[in-house]
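> I'll drop the sequence and a predicted model, then ask my questions.
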Amino acid sequence: MTKQVRVRFAPSPTGYPHVGNIRTALFNWLFARHSGGKFIVRIEDTDVARKVDDALEAILEGLKWLGLDWDEGPEVGGDYGPYFQSQRLSLYREAAERLIRQGNAYYCYCSSQRLKEMREEQARRKQPPGYDRRCRNLSEAERAQKEAEGITPVVRFKTPLDGSTRFNDLIWGEVVFDHSTIDDLVLLKSDGYPTYHLANVVDDHLMEISHVLRAEEWLSSTPRHLLMYHALGFEPPQFAHLPMILGDDRAKLSKRHGSVSITEYREQGYLPETMLNFLTLLGWSLDDKTEIFSRIELTASFSLERISRTGAIFNQEKLNWMNGAYIRSLSPDDFTRRALPFLEKGLPDKVRRPLSMDYVRKVMPLVQERARTLAEIPELTEFFFTDELDYEPGLLIVKKMDRESSIQALVAVRNRIEHLQTFDTMSLETAVRPLADEMGLKTGQLFGTLRVATTGRMVAPPLFETMAALGKERSMERVSAALSKLRSL
RNA sequence: GGCGCAUUCGUCUAGCGGCCUAGGACACCUCCCUCUCAAGGAGGAGAUCACCGGUUCGAAUCCGGUAUGCGCUACCA
């Protein structure tokens, strides 16, 4: 009988939701959903000094955007609450006191000044840094003396002086640490808040967490946690340390690598399903070929065994490709719906709002397979929405043509389409295409001239679809405008 | 400095002793399709599997060492 899987994502609201943190959340969520367990969100707000005001909101928003729903935590509650560590202070104090009573922890009165000097001295002598345990064996009298001086102590864990701790990490295998390399870490700070180490162990136990999936940077503090579990008589959970996400210089991903916050990716027009898929593949793979996974496939096939151990560089190029692939797979309606907010925001101010939905629905399919992000749609389609096209008249004269032949071409086109009853792709095609031959032009030349006349640019969606979307009136106007530009040359 | 971990094409990865003259994907190049751009199709180039030894009939795969990289080494998480 195996225990129910209960995993948690435990962010600290000291910054915005970094893709690295989100990937950790994602793996926890995937693991929970795969095994029918619970996914819990717990807020580790024990660092009062570094707290950032709207970080919590951004973190929860990021999770929701990706569809990482949690079974217990902020906003939803649960039987193991509260889910904010700042509301669980008495629990940590009790645990710390118990450890002191049992002789597994002690009060330390050393000032931060002294600790700083001690570390500097150790660095100078090239000795391993770490607390020198000055307060570990204080007598009652010495303690009373310090108390009388009004010093508020911290509580430190009494790490065994010898021996070692070994554990089996689900991803890294067996790992061993000598106790001699671990110093007496702080459990309770002088402001009464616990450190990560204490709060983590107490909460993971109380919340009956079965597996701790966290970033690799925690690997070396795991023995400390194990020591605490034993001292407190708690059964430790299973550990799985996840490989890190790196920037393109192989260093830990950070601000200077560009976007790192998940909310920035949303703003840049990446789809949540892209991010979900891409982030999962950073450190996990199913086989030697599958790249695109739906949420369902992901949860169905996810497993800890297939997580790799090496840090993965965040490859923006591949993200772009994948986002394009997801955009192409959207239904035209869905694509339009998602593009709309980006259009509202990104189109020039002079374009009248609100946008005509009928028109937007006509235009969007023309760029769906060309967009790599939603944010580039306004730029791609701007000419559909503006009245006046602003371009260099010279652009109208394409390869091996001159002013005269360009004018002739446009005049011919205008005559051809002027009396068109239906102005759709097919009728335009049958009306205009033959013109090239008749005039002794290559289709590329004719179409190129027309393209610039109707869109103001040399690169645009297919000509006739574009003109059909533009409508007869607007197309005619633009051809005429192009003609006067040419004539005034 | 100490401790721990890792190391397969530029990048993400497959590989868990013979199927590997190492497979896939992104990016790159060529060609096809084609009104431009995309998309799509067909090819190509790109990894002496960090290095050096060892084990074995046989190693990318196992062992040891070296190098390099990363993480931790806070009253931060």
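Nice, I can see it.
> list the contacts of A:Met476.
A:Met476 makes contact with A:Arg414, A:Ile417, A:Glu418, according to C-beta atoms under 8 Å, 6 or more residues apart in numbering. Every C-beta, even on glycine, is put in place using the N, C-alpha and C of the backbone.
> where do the strands sit along the stretch 151-300 of chain A?
Here the stretch 151-300 of chain A has its strands, by DSSP state E, counting those that start in this stretch, at A:154-157, A:164-169, A:173-178, A:186-188, A:211-215, A:238-242, A:245-246.
> dump these into JSON lines; add mean neighbour count and distance to RNA strand B as well.
Listed next are the strands of the stretch 151-300 of chain A as JSON lines, based on neighbours: other C-beta atoms under 10 Å; distance: least, C-beta to the nearest atom of the strand, whole Å:
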{"stretch": "strand A:154-157", "mean neighbour count": "23", "distance to RNA strand B": "5"}
{"stretch": "strand A:164-169", "mean neighbour count": "14", "distance to RNA strand B": "8"}
{"stretch": "strand A:173-178", "mean neighbour count": "12", "distance to RNA strand B": "5"}
{"stretch": "strand A:186-188", "mean neighbour count": "25", "distance to RNA strand B": "4"}
{"stretch": "strand A:211-215", "mean neighbour count": "22", "distance to RNA strand B": "8"}
{"stretch": "strand A:238-242", "mean neighbour count": "21", "distance to RNA strand B": "8"}
{"stretch": "strand A:245-246", "mean neighbour count": "22", "distance to RNA strand B": "7"}
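> could these go into JSON lines alongside mean pLDDT?
Shown next, in JSON lines, are those (pLDDT from 0 to 100):
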{"stretch": "strand A:154-157", "mean pLDDT": "96"}
{"stretch": "strand A:164-169", "mean pLDDT": "90"}
{"stretch": "strand A:173-178", "mean pLDDT": "88"}
{"stretch": "strand A:186-188", "mean pLDDT": "95"}
{"stretch": "strand A:211-215", "mean pLDDT": "95"}
{"stretch": "strand A:238-242", "mean pLDDT": "94"}
{"stretch": "strand A:245-246", "mean pLDDT": "90"}
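> now tabulate these in TSV and tack on distance to A:Leu374.
Compiled in TSV, the strands of the stretch 151-300 of chain A are given as follows (distance: least, C-beta to C-beta, whole Å):
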stretch	distance to A:Leu374
strand A:154-157	50
strand A:164-169	39
strand A:173-178	42
strand A:186-188	47
strand A:211-215	30
strand A:238-242	29
strand A:245-246	23
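> which residues of the stretch 201-350 of chain A fall in helices?
In the stretch 201-350 of chain A, the helices defined using DSSP state H, counting those that start in this stretch lie at A:222-232, A:262-267, A:272-280, A:295-301, A:316-329, A:332-346.
> quick one: average confidence on the third one?
When you say that, I think you mean helix A:272-280. Per-residue confidence for helix A:272-280 averages out to 96 on the pLDDT scale.
> just so I know, which of the helices of the stretch 201-350 of chain A lies nearest RNA strand B?
Checking the helices of the stretch 201-350 of chain A against RNA strand B by C-beta to the nearest atom of the strand gives helix A:316-329 as the closest, at 3.4 Å.
> let me know the angle separating that closest one from helix A:272-280.
For helix A:316-329 against helix A:272-280, the angle by axes from the mean of the first three to the mean of the last three C-alpha atoms, to 10 degrees is 140 degrees.
> can you show me the CA trace of helix A:316-329 as CSV?
Coordinates of the C-alpha atoms in helix A:316-329 are reproduced here as CSV (Å, rounded to 0.1, in the frame of the first residue of the first chain):
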residue,chain,number,x,y,z
GLN,A,316,14.7,30.9,-27.4
GLU,A,317,14.9,29.8,-31.1
LYS,A,318,13.3,26.5,-30.4
LEU,A,319,10.7,28.2,-28.3
ASN,A,320,9.8,30.4,-31.2
TRP,A,321,9.5,27.5,-33.5
MET,A,322,7.3,25.6,-31.1
ASN,A,323,5.1,28.7,-30.5
GLY,A,324,4.7,29.0,-34.3
ALA,A,325,3.7,25.3,-34.5
TYR,A,326,1.1,25.8,-31.7
ILE,A,327,-0.3,28.9,-33.4
ARG,A,328,-0.7,27.1,-36.6
SER,A,329,-2.6,24.3,-34.9
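> where does the stretch 151-300 of chain A dip in pLDDT?
Per-residue confidence for the stretch 151-300 of chain A (pLDDT under 70) gives these ranges: A:256, A:258-259.
> ok, A:Lys3 - contacts?
If a contact means C-beta under 8 Å, 6+ apart, then A:Lys3 has A:Glu208, A:Ser210 as its contacts.
> in three-state terms, label it for me.
The three-state assignment at A:Lys3 reads coil, by DSSP: H, G, I helix; E, B strand; the rest coil.
> and it, how far from A:Ser35?
The spacing between A:Lys3 and A:Ser35, counted by C-beta to C-beta, to the nearest Å, is 11 Å.
> list phi and psi for A:Phe9.
Here the main-chain torsion angles of A:Phe9 (degrees, to the nearest 10) amount to phi -110, psi 120.
> top of the contacts of A:Met476 by neighbour count?
Greatest neighbour count in these, by other C-beta atoms under 10 Å, goes to A:Ile417: 20 neighbours.
> what about that residue, is that helix, strand or coil?
The three-state label for A:Ile417, taken from three-state DSSP, comes out as helix.
> that one contacts A:Ala431, correct?
Yes: in this structure, A:Ile417 is within contact of A:Ala431 by C-beta atoms under 8 Å, at 5.9 Å.
> just to revisit the earlier point, I'd like the contacts of A:Met476 as TSV, with pLDDT and distance to A:Thr466 appended.
Supplementary listing: the contacts of A:Met476 in TSV, determined by pLDDT from 0 to 100; distance: C-beta to C-beta, whole Å:
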residue	pLDDT	distance to A:Thr466
A:Arg414	95	17
A:Ile417	93	13
A:Glu418	92	18
